[in-house]
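Undergrad: test case, fold it:
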Amino acid sequence: MALAGLSTEGLLRKIKEEGIDVSEAEAQRFRDNDVDGDTVDCGLTKSMIAVLFQGSYKKQLKFNQFLSKQKESVISITLEPVSPEEWQQGTSSASSSLVTSVGLPSTFGIPIFPKSLQTKLDHKEPCQNNPKDRHTIIRVLYEAVAQHTMYPTNAEYVQAVKMLIVKYPFLRDLEGNGYHTWHMSLKRKFKFERAPLIDNDEVRRSKAV
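TA: Model prediction:
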């Protein structure tokens, strides 16, 4: 999608250029949830868009049309068939993500990634340099952690991304501790995914604990 790489402010400017009148309150929701071009490129659900444009079905529809237009601007796209097993695994992860459990177990392991991405990782390709692959890694890692908790502690975020780097050391950041950008990406992913659940009593009670 042509939006990849845009900052939150750059994304907001692009949206306004398309004729969507974004109020300051709506713009602030984009900022509060770290919604930038890369986030949109990762894929927004209807519930996420509803949070961003609360109370305006018209803006939600216009934003969906805007996203469709951006997708059409991509020259080519390869769709891979999803097996029944992968579909079942995805739906199970989504259901489990609504339940907050006791936290990340010490035996937490890195899950298997979609076949095409797993092949790249097995061949030690620098997937961290490909936005689509990087987003997929974060999505799968999010789904695995969310099965245990929707509110990971900082130590649990670090535990998850460290396990990623231990298993695939070629994914290390070139600077710093080697996993800082992965840590921040996973944290942003959780923050955004939790937004539609703010009215869920179980999630709210778990956050207060």
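
Undergrad: quick one, helices of this protein?
TA: Secondary structure of the chain (DSSP state H): helices located at 8-17, 24-32, 37-42, 46-52, 57-72, 84-96, 115-122, 131-146, 154-167, 180-194, 201-208.

Undergrad: list of residues touching the fifth one?
TA: When you say that, I think you mean helix 57-72. 1-3, 15, 18-22, 26, 40, 44, 46, 49-50, 52-53 (Cβ atoms under 8 Å, 6 or more residues apart in numbering). In this view, the C-beta of every residue, glycine as well, is placed from N, C-alpha and C.

Undergrad: filter the residues you listed to the buried ones?
TA: Buried members of the contacts of helix 57-72, counted by 16 or more other Cβ atoms under 10 Å: 1, 3, 15, 20, 22, 26, 40, 44, 49-50, 52-53.

Undergrad: from these, which is closest to Lys120?
TA: Met1 (20.3 Å; Cβ to Cβ).

Undergrad: confidence-wise, which of the helices of the chain is weakest overall?
TA: Note on these: helix 84-96 shows the lowest mean pLDDT, a mean of 49.

Undergrad: now the helices of the chain in TSV, please, with extra columns for distance to Phe108.
TA: Below are the helices of the chain laid out as TSV (distance: least, Cβ to Cβ, whole Å):
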stretch	distance to Phe108
helix 8-17	31
helix 24-32	29
helix 37-42	23
helix 46-52	26
helix 57-72	34
helix 84-96	14
helix 115-122	18
helix 131-146	8
helix 154-167	7
helix 180-194	13
helix 201-208	18
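
Undergrad: of all those, which lies closest to Gly103?
TA: Comparing the helices of the chain against Gly103 with Cβ to Cβ, the closest turns out to be helix 154-167 (6.4 Å).

Undergrad: elements contacting the closest one?
TA: Packing partners of helix 154-167 (3 or more Cβ pairs under 8 Å, 6 or more residues apart in numbering; DSSP states H and E): helix 131-146, helix 180-194.
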